[in-house]
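K.L.:
Provide a 3D model corresponding to the input given below.
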Amino acid sequence: MERRVIVEVTGYCPYVDDNHSISVTCVETFFSRRPSPVRLPTNFKCKYGLECGRSKECPLFKEIEVNPYLLI
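P.N.:
A predicted model of the protein is given here:
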């Protein structure tokens with residue numbers, strides 16, 4: 001069984017040169033032998049997404065790949 005959840009992730013954004021939050025859509029799914037679900041990020045929304053020009057290479061979204069605990 002899986003479901004979609006939206007998680008707010010905050011971290012440093014070079015475009016605004018400060019901490020900023022994005023809304024990350026995740027698929028939450030269960031794997032056998034794991035008591036808790038795993039959240040797999042699928043996409044995100046950012047208020048500066050169009051003007052910063054890095055929507056496909058967003059540093060905050062990429063940080064999730066390195067630190068998946070941000071999705072908790």
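K.L.:
can you give me the strands in this structure?
P.N.:
Listed in chain order, the strands found in the chain under DSSP state E are 2-13, 18-29, 38-45.
K.L.:
pairing partners for the second one, with directions?
P.N.:
It stands for strand 18-29. strand 2-13 (antiparallel), strand 38-45 (antiparallel) (DSSP bridges).
K.L.:
which one of these lies closest to residue 51?
P.N.:
Comparison of the strands paired with strand 18-29 against residue 51 by CB to CB identifies strand 2-13 as nearest, at 12.1 Å. Any C-beta I mention is one placed from the backbone N, CA and C, and that applies to glycine too.
K.L.:
turn the strands of the chain into a markdown table, including mean pLDDT and distance to residue 53.
P.N.:
Listed next are the strands of the chain as a markdown table, based on pLDDT from 0 to 100; distance: least, CB to CB, whole Å:
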| stretch | mean pLDDT | distance to residue 53 |
| --- | --- | --- |
| strand 2-13 | 92 | 13 |
| strand 18-29 | 93 | 15 |
| strand 38-45 | 90 | 15 |
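K.L.:
using CSV, lay out those together with mean neighbour count.
P.N.:
As requested, those are exported to CSV (neighbours: other CB atoms under 10 Å):
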stretch, mean neighbour count
strand 2-13, 13
strand 18-29, 16
strand 38-45, 14
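K.L.:
nearest to residue 67, out of the ones you listed?
P.N.:
Of all the strands of the chain, strand 2-13 comes closest under CB to CB, at 8.9 Å.
K.L.:
top helix in the protein by residue count?
P.N.:
helix 59-66 (DSSP state H).
K.L.:
what's the angle from that one to strand 18-29?
P.N.:
If you take axes from the mean of the first three to the mean of the last three CA atoms, to 10 degrees, helix 59-66 sits at 50 degrees to strand 18-29.
K.L.:
what's next to helix 59-66, contact-wise?
P.N.:
9-14, 20, 22, 24, 41, 44, 46, 70-71 (CB atoms under 8 Å, 6 or more residues apart in numbering).
K.L.:
tell me which two of these sit farthest apart.
P.N.:
Top of the distance list for the contacts of helix 59-66 (CB to CB): 14 and 71, 21.3 Å.
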